[in-house]
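Engineer: Give me the fold of what follows.
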Amino acid sequence: MNRYFEYRHVVGFEETNLVGNVYYVNYLRWQGRCREMFLRERAPEVLADLHDDLKLFTLKVDCEFYAELALFDELAIRLRLIELAQTQVEFGFDYVRVGPLGETLVARGMQRIACMRGPNTRTVPVRVPDALVRALTPYAEAVR
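Structural biologist: Residues are numbered from 1 along each chain as shown. All right, here's what the predicted structure looks like:
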């Protein structure tokens, strides 16, 4: 089994500039989309909890670029668990161009979220839901 959750994407016109390169903000959008698809496929109980009063606040995002992406590049965004704390989770993301000549790592990013509950004006930190912990466990980075 892979130690990552993978979301596939093909770069479209709206994600590129006049030169044909991908706008940097799309890398962050793809992080969010990968996280959403992970929840949909691996932790649907958490999605139900989000309809109640659970909130997943994004605290920090980061992305480091190694190579350009262009129109119609096929991309695999791979989510890993970097850190699991009591009330927060840190995800790692590898952006891999997939093509006939193999795979190329084009960027690497991270995202840290906090689990909160309550009305928007009075949210409080809460433990990471057990369903999310169970879903993330197989994707934990190996100890280095």
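Engineer: Show me how far the helix or strand bottoming out on mean pLDDT in the chain is from its chain's centre.
Structural biologist: Lowest mean confidence among the helices and strands of the chain (mean pLDDT, DSSP states H and E): helix 44-52, at a mean of 92. Computed by CA atoms, centre = their mean, to the nearest Å, the chain-centroid distance of helix 44-52 equals 17 Å.
Engineer: Same check on stretch 63-83?
Structural biologist: Using CA atoms, centre = their mean, the offset of stretch 63-83 from its chain centre is 10 Å.
Engineer: ditto for stretch 32-47
Structural biologist: With CA atoms, centre = their mean as the basis, stretch 32-47 stands 10 Å off its chain's centre.
Engineer: next helix or strand past the least confident helix or strand of the chain?
Structural biologist: Of the helices and strands lying after helix 44-52 in sequence (DSSP states H and E), the nearest is strand 54-65.
Engineer: so who does the closest residue to residue 20 other than its chain neighbours touch?
Structural biologist: Among residues not flanking residue 20 along the chain, residue 70 sits closest, at 5.0 Å (CB to CB, 6 or more residues apart in numbering). In short, each C-beta sits where N, CA and C put it, glycine included. Going by CB atoms under 8 Å, 6 or more residues apart in numbering, residue 70 touches 11, 16, 20-22.
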